[in-house]
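1. attaching a predicted model along with its sequence, questions to come.
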Amino acid sequence: MSADWKYEPAHDFGLTPAERRCSLRREAGLSGYLVNFFWRCLTRCYMSVFHRLAIEGRENLPSEPPFVLVSNHASHLDAVVLGLATPWRHVGKVFPIAAGDHFFEKALAATLVTASMNALPIWRKCYTGHTLRELRHRLIEEKCIFIIFPEGTRSKTGAVNRFKPGIGRVVCGTTVPVVPCFIEGAWKAMPSDASWPRPGKIRLRIGKPLLFDRFSDDRSGWEAATAGMESAVKSLSR
């Protein structure tokens, strides 16, 4: 046996099922990868048929993780759209950051979003700097792909709301690329007050990656980086 080999238990080892669902350190495992794969096949067919999904600028995605996709947010379809833009070989490495108070307070909903989409929870009213540092550590050390909606909640009108600076705490001072995206049509297909989507064309535009390695890892840097992301996303709305 190689002397360089080292056994490391899963980061979520020893957690109860309920604790595991709500943990930022949750790992997919083999069953998770398989469910993610079949969910992607299903949603790809659905988005192609009912929403005629068109993706522009896929060549702007970094070839390998880690990287972060940031986008406007107006519909529950948004995370599905962004997940489908990533290469198949990264199935299991893509983690949408979801509202814990919306998706993780009921066991059935939490099981659905973790099993199908690998979502990680953020509790919007009580998250701390430690939470964001934990996300930052996982993003870099485990080479993940995060899907983050910096508005913090879905737009009620379809217009892009102001981005919150929490995303800056995840990426400022790192070499992790941030890829701005703009989703068009998802709000009409499934606005925030709708329980079910209706047919309608959806288009995703992917911009060139941004780097924030020279931004200071403090409030001024976080706010400046967030403003840059917001501007880049809005510029894709044409």
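-> Structure's in. What do you need?
2. which parts of this structure are helices?
-> 17-21, 29-50, 78-85, 100-103, 107-117, 129-141, 166-171, 186-189, 219-235 (DSSP state H).
3. residues touching the residue nearest to the spatial centre of the chain, list them.
-> Note on the chain: the residue nearest the mean C-alpha position is residue 147, at 1.4 Å, using Cα atoms, centre = their mean. Taking Cβ atoms under 8 Å, 6 or more residues apart in numbering, we find residue 147 in contact with 68-69, 71, 79, 82-83, 94-97. In this view, the C-beta of every residue, glycine as well, is placed from N, C-alpha and C.
4. roughly how far apart are it and residue 141?
-> Per Cβ to Cβ, to the nearest Å, residue 147 is found 18 Å from residue 141.
5. again, but for residue 67
-> Taken as Cβ to Cβ, the span from residue 67 to residue 141 is 14 Å.
6. neighbour count: the two, which is higher?
-> residue 67 (21 against 9; other Cβ atoms under 10 Å).
7. against residue 198, how distant is residue 69?
-> Taking Cβ to Cβ, one finds residue 69 at 25 Å from residue 198.
8. quick one: which of those two has more around it?
-> Here residue 69 and residue 198 are compared on neighbour count by other Cβ under 10 Å; more neighbours surround residue 69, at 24 against 11.
9. these two touch, right, that one and residue 82?
-> Yes - between residue 69 and residue 82 there is a contact under Cβ atoms under 8 Å: 5.1 Å.
10. quick check: neighbours shared by those two?
-> 147, 181.
11. ok, and the closest non-adjacent residue to the residue nearest to the centre of the chain?
-> Distances taken as Cβ to Cβ, 6 or more residues apart in numbering place residue 96 nearest to residue 147, at 4.1 Å, with adjacent residues excluded.
12. quick one: pLDDT of that neighbour?
-> Residue 96 is assigned a pLDDT of 92 by the prediction.
13. ok, how many other residues are close to it?
-> Neighbours of residue 96 (other Cβ under 10 Å): 21.
14. got any ranges where the chain has weak pLDDT?
-> For the chain, the stretches with pLDDT under 70 are 1-24, 28-30, 99-105, 124-128.
15. now do 80
-> Where the chain drops to pLDDT under 80, the residues are 1-32, 99-115, 122-129, 238.
16. all set now, cheers.
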